[in-house]
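**Q** curious how this folds, go ahead:
(one chain, ligands or ions: 2)
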Amino acid sequence: MKEEREEKKYKEITEDRAVIEIMEKMGDEVSTIFDRSESMKCCPIGSGISGICCKNCAMGPCRVREDKTGLCGATMGTIAARNLARHIAAGAAAHSDHGRDLAHLLGLVAEDKAEGLKIKDEFKLMKFAKNLGVKIDDRDIKEIAKDTSEKALSLFGQQTGEIDLVKIAPEKRQGIWRKYKIVPRGIDREIVETMHRTNMGVDQDAEHILDQALRTALSDGWGGSMIGTEITDILFTTPEPRRAKTNLGMLKEGEVNIVVHGHEPTLSEIIAELADDKKLLEYAKSKGASGINVVGICCTANEILMRQGIAPIGNFLSQEMAIMTRAVEVMVVDIQCIMQSLGELAKKYHTKLITSSPKCKIPGAIHMEFEENNGVKLATEIIRMAIDNFKNRKKEVYIPSITSDLVGGFSHEYIRYMLGGKFRESFRPLNDAIIDGRIQGVVGVVGCNNARITQDKYHNYLTRELIKRDYLVVATGCGALSTAKCGLMIPEALEYAGEGLRSICEAVGMPPVLHLGSCVDNSRILTVVSEMVSEGGLGEDISDLPIAGIAPEWMSEKALSIGSYFAASGAYVAFSGEPIPVESSSEVKDIMTKGWQEKYGGQLEYIADIEELLDKVISVIQEKRKALRIDIKKERVLLDMEARRTLKDV
Ligand code: SF4
Ligand code: MSK
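**A** Numbering: from 1, shown residues only. Ligands and ions are numbered 1, 2, ... in the order given. Reported below is the predicted structural model:
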């Protein structure tokens, strides 16, 4: 009976069998995020369900309701808009600062000042340089790279005008942004202005504040994140699909296990490459290990999965579980989504937790700072430290023997190639499949895990329901890893797909769910939808396309920035799980739904009930199909030559 109760409890916290096993075996030894989420309930004011709190000056914090203002007279709508805008600014800052580092790194690589790194995708460099207006002609590749780095960096400090990358968006979309004055002028500028405008006593009109929040979010999606994605491809290659395996079962008992975690690809790429180094392998063997096993967590995992086929062993909520297997010699973390609890947790095991970014230190961790000119040296040192730590495993390891296959790494370039073939690469086949109804639409199921919701449950449920109904799903971030863990990211998952989607996926040779990468790689989805528009047949703007985005288990401020840049780009976006922190303000909710829909053709809303959310996403897409007049299924008619001659319009 007790066991049954325990089993039930674990099923409520996660759908991941490997996490359940670890919690069952080791859960009593330590406190995990699941324990803490039980003992500490969410603050209803902060989540915006029963009230809104402002602490933007020392006369507060002021807790307000619809009928009660703050000391300065700030209304609930103003405060909710200000709070959301600040969250978006923080999310945009995180993505964009990541992009800035890569832009800086590209310049150092061009000058041969970054140890172990080189330009791996020259073709992509040319394309990106062109988009930034950098002269190409027959100039040396390193000169082009240097200028591209400088131009990309200049977008952060740009003060006026428009950031160049918005020109990738359809013309009509750019016109909408110009009409409402939300084209980003410079990436840092928009973040700073949002912080200024939301300071005590500045911008007090909710709609006006939220327009600036959208401009800030756009500077992330079409700016910082896009720079991050493009330069990562230039330096580490543009992803192509790779078969790999996922989940905690990819840790290896007899090998030295190194987990890379966070968001940056740089050091982790070098560590993954060096794991095959003969000398290091010999050193590992001399210490009793049979090999060196590099695996990943969160978006660092997505980055190295896409380019090196390295196994992601889990998403956000699995990070503590990895250490609890007692099999991890070293966990190297860089930036974002790293739980502070890892510091204390690692002390209870033999795991060495290493922080590698100059931006992140964690109490209890060893700080070994990555600098662009010490990559190989530092990676070697870390691997040797892991090997030396192998003998220190205190107790018997426990690795759940649970893995799933996956195919990961669909860049927009590869999708074009996959759809059209080597000489005719294009999005035409996708648009045609949508027009003839075999694919009903494209839905991004993206974003985090959240300890307040059963891990992976919503991601997996929605993905299954969507592919069953002939919607192609694209996934990024931790959501992508949820889907991969439950086995939906392989061609074999086509047995769960509807007939139409299956026929297209079989013809092209792709799974029904496409792994597009990490959180910054949501910018790849912007490129895909822009290309779908320019391919023709599905309207003139992103807002005409039968597409939608869902972040069903969102947690990070970055998700709010992503959701907002998609809404500002013309997509319907729904969040579930925990509410967006504006729920108490009907004024702000109206602006973000009806208001944004009218102005920008997209919107962002929270829907608690997952069935309701699914119905809403489907009805929005079906409305778009109707508006495009592709809602009625046409029978495919095969014409002979005589019948063709009678056709007037071909
Ligand atoms: Fe209160 Fe106004 Fe100060 Fe906010 S800015 S804490 S609402 S007085
Ligand atoms: S890691 S931002 S929990 S997706 Fe990109 Fe996952 Fe969300 Fe972090």
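**Q** quick check: domain ranges of this structure?
**A** Per automatic domain parsing, the structural domains of the chain span 2-39, 53-236, 248-392, 421-627.
**Q** distance from the chain centre to the last one, please.
**A** Using CA atoms, centre = their mean, to the nearest Å, the mean C-alpha position of domain 421-627 is found 12 Å from that of the whole chain.
**Q** so does it get close to ligand 1?
**A** No. Judged by CB under 6 Å from any ligand atom, domain 421-627 stays clear of ligand 1, getting no closer than 13.4 Å. Placement of C-beta: from N, CA and C, glycine included.
**Q** near ligand 2 at all, that domain?
**A** Yes. Under the criterion of CB under 6 Å from any ligand atom, ligand 2 is reached by domain 421-627 at 447-448, 477-478, 518-519, 555-556, 558.
**Q** looking at those residues, which are in helices?
**A** 477-478, 558 (DSSP state H).
**Q** which residues touch the closest residue to ligand 2 within the stretch 101-250 of the chain?
**A** Per CB to the nearest ligand atom, Ser225 is where the stretch 101-250 of the chain lies closest to ligand 2, at 11.3 Å. Going by CB atoms under 8 Å, 6 or more residues apart in numbering, Ser225 touches 95-96, 98-99, 519-523.
**Q** quick one, which of the ones in helices among the residues of domain 421-627 next to ligand 2 are buried?
**A** Neighbour-count burial (16 or more other CB atoms under 10 Å) applied to those gives 477-478, 558.
**Q** returning to what we had before: take the ones in helices among the residues of domain 421-627 next to ligand 2 and lay them out in CSV including distance to Tyr600 and pLDDT.
**A** Below are these laid out as CSV (distance: CB to CB, whole Å; pLDDT from 0 to 100):
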residue, distance to Tyr600, pLDDT
Gly477, 24, 97
Cys478, 27, 97
Lys558, 20, 98
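**Q** Phe370 in helix, strand or coil?
**A** For Phe370, the secondary structure call by DSSP: H, G, I helix; E, B strand; the rest coil comes out as coil.
**Q** for it, give its distance to ligand 1.
**A** Between Phe370 and ligand 1 the distance is 40 Å, computed by CB to the nearest ligand atom, to the nearest Å.
**Q** same deal with Arg185?
**A** On the measure of CB to the nearest ligand atom, Arg185 and ligand 1 end up 27 Å apart.
**Q** which strand or helix spans the closest residue to that residue other than its chain neighbours?
**A** Take Arg185 and drop its neighbours on the chain: the residue closest to it by CB to CB, 6 or more residues apart in numbering is Thr160, 5.6 Å away. Thr160 is part of no helix or strand when elements are defined by DSSP states H and E.
**Q** could you do Ala152 as well?
**A** Assigned by DSSP H and E, Ala152 falls within helix 141-157.
**Q** Ala217: which of the contacts of Ser225 is nearest?
**A** His95 (9.8 Å; CB to CB).
**Q** hang on, that closest one packs against Trp222?
**A** No. Assessed by CB atoms under 8 Å, His95 is found out of contact with Trp222, at 11.4 Å.
**Q** buried ones in stretch 145-155?
**A** The neighbour-count check on stretch 145-155 (16+ other CB under 10 Å) flags 145-153, 155 as buried.
**Q** please enumerate residues in contact with the helix holding Ala152?
**A** With contact meaning CB under 8 Å, 6+ apart, helix 141-157 is reached by 96, 99-100, 103-104, 106-107, 109-112, 119, 122, 125-126, 128-129, 132-136, 163-165, 186-189, 223-224, 227, 231, 234.
**Q** now swap in stretch 350-363 and tell me
**A** Outside stretch 350-363, the residues that touch it by CB under 8 Å, 6+ apart are 97, 262, 264, 267, 323, 326, 328-335, 338, 340, 342-343, 346, 364-371, 378, 382, 385-386, 389, 392-394.
**Q** restricted to strands, list these.
**A** If you go by DSSP state E, the contacts of stretch 350-363 have 262, 330-333, 366-367 in strands.
**Q** write the PyMOL selection for whichever of these are buried.
**A** Selecting the buried subset of those in PyMOL, with 16+ other CB under 10 Å as the burial test, is done by:
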select buried, resi 262+330+331+332+333
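**Q** strands of the stretch 451-600 of the chain, start to end?
**A** 471-476, 513-517, 547-551, 572-575 (DSSP state E, counting those that start in this stretch).
**Q** wait, isn't Leu214 in contact with Gly563?
**A** No. With contact defined as CB under 8 Å, Leu214 does not count as touching Gly563 (10.8 Å).
**Q** neighbour count for those two, which is higher?
**A** Gly563 (31 against 27; other CB atoms under 10 Å).
**Q** tell me who's in contact with the residue minimising distance to the centre of the chain.
**A** With distances taken as CA atoms, centre = their mean, the residue of the chain nearest its centroid is Cys519 (2.0 Å). When contacts are counted by CB under 8 Å, 6+ apart, Cys519 touches 95, 225, 263, 299, 446-447, 476-477, 556, 558, 562.
**Q** no more questions from me, cheers.
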